[in-house]
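Engineer: here's a sequence, model it:
(chains A and B)
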Amino acid sequence: MTEHSAVGTQFDSRRYTNFPAMVEDIQAGNLDAGFVLAPLAMVLAREGTRPVKIVHLGHRDGTCIVVPKDAPVTSFADLRGKRIAIPHRYSNQRILIERLKDQFGFRDQDVTLIDFPPPEMPAGLKAGQFDAYIVGEPHAARAELEGFGKILYFTKDIWPDFISCVLVVTQDLIDDEPELVRELVQGIAASGKWIDEGPKDELVDGLVLDDEPPSVAKERRIVFSRSFGTSPRMQAAQIGGLFYGQPPELLRYVLSQPPDRVKYVDLDLHRADFEEIQGYAERLGFFAKRPVTTDDPFGFDDYCDGRFERTVGPTPHLRPVPEEEAVPE
Amino acid sequence: MSRLLDLVGSGALMRLSTRIALGFGLFLCGITMLHGGLNHGWFSNRVRARLVVGHLPVT
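Structural biologist: Coordinates of the predicted model:
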């Protein structure tokens, strides 16, 4: 996400460590926009005290199932009788586990699901608090890079184009500031397009290479080494490190090993994707407080508003990657 | 009406000091409005809304 849009609006990012805290802020009127789990967004739209709408996706794929490196686990079948940590009971990660349970003929009691804050999952696995976890990056890659975890499945291989987090905004914001919502959505779409399809020989505003001449202003900019890589994904790793509070090297790994581990294109809302998620959400009782019935229906148009994503915003400001100066012999 | 204007013009209805005070007040009012208008015209494209977007450190 860019901090300033092309027309100068300032978007501030606020980092949370768990979803309930963010939901509480939305419901209390302290937050009007945020990235939350897709089924949780549906539940908020259905049962929340402050109505919200999904206006765009955050990304596709980028979720993994992680098990201990030395565990004799090669397929989901080996997780029978085990404890699996999930990021939230209303998460698409939980729905994926339910799909796998169906696929592998598990009964409900064959696995125990534990709600666990995503940033703490690698430590929880290491401490033996559970036997596997499913989470969005970079918390799967962290266990891999620290040497105690291995990836059992990438979502791209078992549920292609998996949806984890979606962008929700309050109905109040849509009603009061539709242009602001449009600007945010189009900026996110443009950033995603730049990450996955942007020019490989241009640097985005705010990034400076450490070997650039002293005449290039480096204050209040992210300075990084040319050897880190200068493709849009590597630049995104530098920027993401700042917003996520994570090491850029970790994000570089996430964005490149393999490159299709997480995708930032095709982020528009598709009815079929959400109807599939909603089907599972209803089956699992996510709408228990207000069940979906023929007398009280609930569907795609009640929780999604796709009118802000019809066009992509302007490309971020770019400048050519400066030539590397020859090192004197 | 013309009688009233005659009274104002002759100073019978309003003393000179009052007229000066009122004139100065109008002058200040005009300057303030001009300043506000210029300010708005100059900065309207720069001072934009802010929006806070919440997220977890997770994709």
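Engineer: now the helices for the stretch 1-150 of chain A?
Structural biologist: For the stretch 1-150 of chain A, applying DSSP state H, counting those that start in this stretch gives helices covering A:19-27, A:38-47, A:92-103, A:121-126, A:139-145.
Engineer: dump these to JSON lines, plus mean neighbour count and distance to chain B.
Structural biologist: (C-beta placed from N, C-alpha, C; glycine too.) Shown next, in JSON lines, are the helices of the stretch 1-150 of chain A (neighbours: other C-beta atoms under 10 Å in any protein chain shown; distance: least, C-beta to the nearest C-beta, whole Å):
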{"stretch": "helix A:19-27", "mean neighbour count": "18", "distance to chain B": "5"}
{"stretch": "helix A:38-47", "mean neighbour count": "23", "distance to chain B": "12"}
{"stretch": "helix A:92-103", "mean neighbour count": "20", "distance to chain B": "11"}
{"stretch": "helix A:121-126", "mean neighbour count": "20", "distance to chain B": "10"}
{"stretch": "helix A:139-145", "mean neighbour count": "24", "distance to chain B": "6"}
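Engineer: residue A:193 against residue A:265, yeah?
Structural biologist: Yes: using C-beta atoms under 8 Å, residue A:193 is in contact with residue A:265, at 6.4 Å.
Engineer: the two: who's more crowded?
Structural biologist: Neighbours around residue A:193 and residue A:265, counted as other C-beta atoms under 10 Å in any protein chain shown, are more numerous at residue A:193. The numbers are 18 against 13.
Engineer: okay, that one: pLDDT?
Structural biologist: pLDDT for residue A:193: 91.
Engineer: doesn't it lie inside a strand?
Structural biologist: No: according to DSSP: H, G, I helix; E, B strand; the rest coil, residue A:193 belongs to no strand; its state is helix.
Engineer: just to revisit the earlier point, how about the helices of the stretch 1-150 of chain A in JSON lines, adding mean pLDDT?
Structural biologist: Listed next are these as JSON lines, based on pLDDT from 0 to 100:
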{"stretch": "helix A:19-27", "mean pLDDT": "95"}
{"stretch": "helix A:38-47", "mean pLDDT": "96"}
{"stretch": "helix A:92-103", "mean pLDDT": "96"}
{"stretch": "helix A:121-126", "mean pLDDT": "97"}
{"stretch": "helix A:139-145", "mean pLDDT": "95"}
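Engineer: where does the chain dip in pLDDT?
Structural biologist: All of this is about chain A. A:1-8, A:312-313, A:325-329 (pLDDT under 70).
Engineer: could you do chain B instead?
Structural biologist: In chain B, residues with pLDDT under 70: B:1-13, B:41-49, B:58-59.
Engineer: name the element the closest residue to chain A within it belongs to?
Structural biologist: Going by C-beta to the nearest C-beta, chain A is nearest to residue B:54 of chain B, at 3.3 Å. For residue B:54, the host element (DSSP states H and E) is strand B:50-55.
Engineer: name the helices or strands packed onto that strand?
Structural biologist: For strand B:50-55, the packing partners by 3 or more C-beta pairs under 8 Å, 6 or more residues apart in numbering or on different chains; DSSP states H and E come out as strand A:10-15, helix A:19-27, strand A:33-37, helix A:178-197.
Engineer: how about residues contacting that strand?
Structural biologist: Outside strand B:50-55, the residues within contact range by C-beta atoms under 8 Å, 6 or more residues apart in numbering or on different chains are A:1, A:9-16, A:22, A:25-26, A:31-35, A:165, A:167, A:173, A:177, A:180, A:184, A:243.
Engineer: 10 Å - rerun?
Structural biologist: Residues from elsewhere that reach strand B:50-55, judged by C-beta atoms under 10 Å, 6 or more residues apart in numbering or on different chains: A:1, A:5, A:9-16, A:19, A:21-23, A:25-26, A:30-36, A:58, A:165, A:167-169, A:173, A:177, A:180-181, A:183-184, A:188, A:243-244.
Engineer: sheet partners, orientation included, of it?
Structural biologist: Using DSSP bridges, the strands paired with strand B:50-55 are strand A:10-15 (parallel), strand A:33-37 (parallel).
Engineer: quick check: buried residues in the first one?
Structural biologist: Within strand A:10-15, the residues that count as buried by 16 or more other C-beta atoms under 10 Å in any protein chain shown are residue A:11.
Engineer: what residues are up against residue A:118?
Structural biologist: A:17-19, A:85-88, A:91, A:93, A:133-140, B:56-59.
Engineer: how many other residues sit next to the closest residue to chain B within the stretch 151-300 of chain A?
Structural biologist: Across the stretch 151-300 of chain A, the shortest distance to chain B (C-beta to the nearest C-beta) belongs to residue A:244, at 4.3 Å. Per other C-beta under 10 Å, the neighbour tally for residue A:244 reads 22.
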